[in-house]
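Engineer: I'd like to go over a predicted model; first the sequence, then the structure.
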Amino acid sequence: MKRALLLVSFGVLAEASRARSLDALAEDFRQAFPAWTVRQAYTSRFLKAKLSERGVSVDSLPEALARLEGEGYDTVFVQPTYLTPGEEYEQKVCTVVAQYASHFAALLLGAPAFARPACDIRGLRAVEAAHAVSSGTQLVLLGHGSPHQHNPVYERLQAVVDEAGLPIHIGVLEPSDWPTFDDVLQRLRRVPAAEAGRILLAPLLLAGGRHVTRDMAGEDKGSWQSRLQAAGFPVESVLHGLGEYPAFRHVYIAQARDDLRAAGLL
């Protein structure tokens, strides 16, 4: 039996960020699952084309599955590296995996980090640990959001945070989606001053990029950092994506291990 683990991501253009996040995650999977071949695939055609111009070749998901089939792999587990099950995951991962189901003896699909309510607290605790949130600090996490279809997972995560009593507030960068900046600002204003002496602003994204450097932490008046500072909060921004933290990368490994055991493959 030839087995492969296929990590599927949107993709990362910056070499340093890619090495510290997606490539580091792939290496973690190789260490955790030594009997499996670990490969990567990107869903963004734009990023694949840009990387190709730089001499970096990464398969799309259909290309990666076709390659594995051609190499005689009969069992494939596809692990998405998305944080939430949004449009990209549904249209470019779920659809493709369904199309290739008959090409393998077993083709299984895992889930994004925050796709299952039962796993939410594990991921949120990993985020808190990654940022070493201390007393008197409030952590503001910013996800992508969606311009076309609201993703309720962010509100679900906030409910889990509040139930667990964690000092975390979740918003999205997409201006037409929510929770918005004003939603987060109202939450922060309700926090006692002694508990909000420092605001840590960090991406709820696997890898950093333009969203982080410009929309979250940019110096222009429209960035979240500038707007929070204008509202009177002391803000420190973290530019690293969650994929750069071993504690969070382990969330994907733990979920994949659970899924493979449930399928009788471990």
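Structural biologist: Now that the structure is in, tell me what you want to look at.

Engineer: mind listing the helices for the stretch 151-266 of the chain?
Structural biologist: With DSSP state H, counting those that start in this stretch as the criterion, the stretch 151-266 of the chain has helices at 153-164, 181-189, 210, 224-230, 246-262.

Engineer: So for G143, which of those helices sits nearest?
Structural biologist: Closest approach to G143 among the helices of the stretch 151-266 of the chain (C-beta to C-beta): helix 153-164, 5.8 Å. (Each C-beta comes from the backbone N, C-alpha and C, glycine too.)

Engineer: on that earlier part again, which of the helices of the stretch 151-266 of the chain has the lowest mean pLDDT?
Structural biologist: Mean pLDDT values for those show the minimum at helix 210, a mean of 70.

Engineer: Pull the number of nearby residues for L204.
Structural biologist: Residues near L204, counting by other C-beta atoms under 10 Å, number 25.

Engineer: shouldn't it be in contact with L141?
Structural biologist: Yes: the criterion here is C-beta atoms under 8 Å, and L204 meets it with L141 at 4.0 Å.

Engineer: Reformat the helices of the stretch 151-266 of the chain as a markdown table; add mean neighbour count and distance to S44.
Structural biologist: Shown next, in a markdown table, are the helices of the stretch 151-266 of the chain (neighbours: other C-beta atoms under 10 Å; distance: least, C-beta to C-beta, whole Å):
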| stretch | mean neighbour count | distance to S44 |
| --- | --- | --- |
| helix 153-164 | 17 | 21 |
| helix 181-189 | 16 | 26 |
| helix 210 | 11 | 13 |
| helix 224-230 | 17 | 24 |
| helix 246-262 | 18 | 19 |
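
Engineer: Among the ones you listed, which comes closest to P175?
Structural biologist: Of all the helices of the stretch 151-266 of the chain, the one in closest proximity to P175, counting by C-beta to C-beta, is helix 181-189 (8.5 Å).
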